[in-house]
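with the sequence up front, the predicted model follows.
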Amino acid sequence: MKATVGDRLLVHGNIVGERDRIGVIVEVQGPDGGPPYMVRFDDGHTGLVFPGPDAVVVRK
């Protein structure tokens, strides 16, 4: 998984009824665009994310 600042991270809910989480990548801390990513989610929460198999990078 590779990303750049400004890309969006979509994390699919992994429990029935759980909503997907969407956020903007504000910092890439891994080498060559790799994780971890600092993400500002649409709910205003900002956090360091080590995306799993349920996550997708959407290019800007």
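Perfect, I can see it now.

select the longest strand from the chain.
In the chain, assigned by DSSP state E, the strand with the most residues is strand 21-28.

against which helices or strands is that strand packed?
Other elements packing on strand 21-28 under the criterion 3 or more C-beta pairs under 8 Å, 6 or more residues apart in numbering; DSSP states H and E are strand 8-11, strand 37-41. C-betas here are computed from N, CA, C, even on glycine.

do that again at 10 Å, thanks
Other helices and strands packing on strand 21-28, by 3 or more C-beta pairs under 10 Å, 6 or more residues apart in numbering; DSSP states H and E, are strand 8-11, strand 37-41, strand 46-49, strand 55-58.

show me what counts as buried in the second one.
Yep, that's strand 37-41 we're talking about. Under the neighbour-count criterion of 16 or more other C-beta atoms under 10 Å, strand 37-41 has 37, 38, 39 buried.

let me know the closest of the residues you listed to residue 18.
Taking C-beta to C-beta as the measure, residue 39 is the one of those closest to residue 18, at 17.3 Å.

identify the residues contacting the nearest residue to the closest one once chain neighbours are set aside.
Distances taken as C-beta to C-beta, 6 or more residues apart in numbering put residue 23 closest to residue 39, at 4.0 Å, once the chain neighbours are dropped. Residue 23 sits next to 7-11, 37-47, 49 when contact means C-beta atoms under 10 Å, 6 or more residues apart in numbering.

look up how far residue 33 lies from the spatially most central residue of the chain.
Nearest to the mean C-alpha position of the chain, by C-alpha atoms, centre = their mean, lies residue 9 at 3.2 Å. The spacing between residue 9 and residue 33, counted by C-beta to C-beta, to the nearest Å, is 12 Å.

so what sits against both of these two?
Joint contacts of residue 9 and residue 33 (C-beta under 10 Å, 6+ apart) are 1, 3, 25, 57.

do you know how far the first one is from residue 30?
Taking C-beta to C-beta as the measure, residue 1 and residue 30 are separated by 9 Å.

which residues do these two both contact?
With C-beta under 10 Å, 6+ apart as the test, residue 1 and residue 30 both reach residue 37.
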